[in-house]
Each structure stands twice: as C-alpha cells, then as structure tokens.
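>>> Sequence and predicted structure, then a few things I'm wondering about:
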Amino acid sequence: MSVNDLNNTSHTDWAALEAMTDEDIDYSDIPPLSDEFFENATLRIPAIQASDMIELDSEVM
C-alpha cells in the first residue's frame with residue numbers, strides 16, 4: 001500500500017447505495033458459488049477476534 005492509496009477519496013455515492021434495496025442490486029456479473037467452493041472453503045478469523053472466541057459443547061447451549 002502506498003501513501004497515495006491512503007489519500008484517495010472514495011467517489012462512491014454512499015447515500016444512493018444506502019437507499020438501494022436488495023432487489024435493486026445487480027448480481028448478474030457474479031457467478032454463483034458451487035458446492036465444490038464450499039467444500040474447499042476455509043474459515044479464517046483474524047487473531048484479534050479469535051482470542052475472544054470460545055468453543056461450547058452443544059449440550060451447554
């Protein structure tokens with residue numbers, strides 16, 4: 001990352017984006033995820049967040 005990356009201002013129209021509903025979003029250029037994708041996917045949690053997590057048995061819940 002360069003210094004120029006930090007100085008760039010977003011040109012996103014945040015008000016228009018926030019006003020959009022889910023139906024307004026065009027997903028046509030995003031391919032659907034296959035079952036194979038999820039079989040090979042790995043959950044990655046940043047170390048800072050992982051230190052706050054605990055594992056519970058289903059009986060405890």
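On my side now, so go ahead.
>>> For the rest of this, base every contact and every neighbour count on C-alpha atoms.
Will do.
>>> what's the first-to-last distance across stretch 40-59?
29 Å (C-alpha to C-alpha, to the nearest Å).
>>> How about stretch 20-35?
29 Å.
>>> same question, stretch 33-43
16 Å.
>>> now do stretch 27-35
19 Å.
>>> next one: stretch 8-16
Criterion C-alpha to C-alpha; first-to-last residue distance in stretch 8-16 is 20 Å.
>>> what about that stretch, average pLDDT?
Computed over stretch 8-16, the mean pLDDT rounds to 88.
>>> what about residue 37, which helix or strand?
Using DSSP states H and E, residue 37 sits in helix 35-40.
>>> Tell me the buried residues in that helix?
Neighbour counts over helix 35-40 (16 or more other C-alpha atoms under 10 Å) mark no residue as buried.
>>> Could you do stretch 9-27 as well?
Result for stretch 9-27 [16+ other C-alpha under 10 Å]: no buried residues.
>>> Could you tell me the end-to-end distance of that stretch?
End-to-end distance for stretch 9-27: 26 Å, by C-alpha to C-alpha.
>>> before we move on, what about stretch 23-33?
End-to-end distance for stretch 23-33, by C-alpha to C-alpha: 19 Å.
>>> what about it, average pLDDT?
Average pLDDT, stretch 23-33: 91.
>>> State the distance from residue 12 to residue 32.
Relative to residue 32, residue 12 is positioned 25 Å away (C-alpha to C-alpha).
>>> Also residue 42?
Taken as C-alpha to C-alpha, the span from residue 42 to residue 32 is 18 Å.
>>> now residue 53
Separation of residue 53 from residue 32 (C-alpha to C-alpha) stands at 31 Å.
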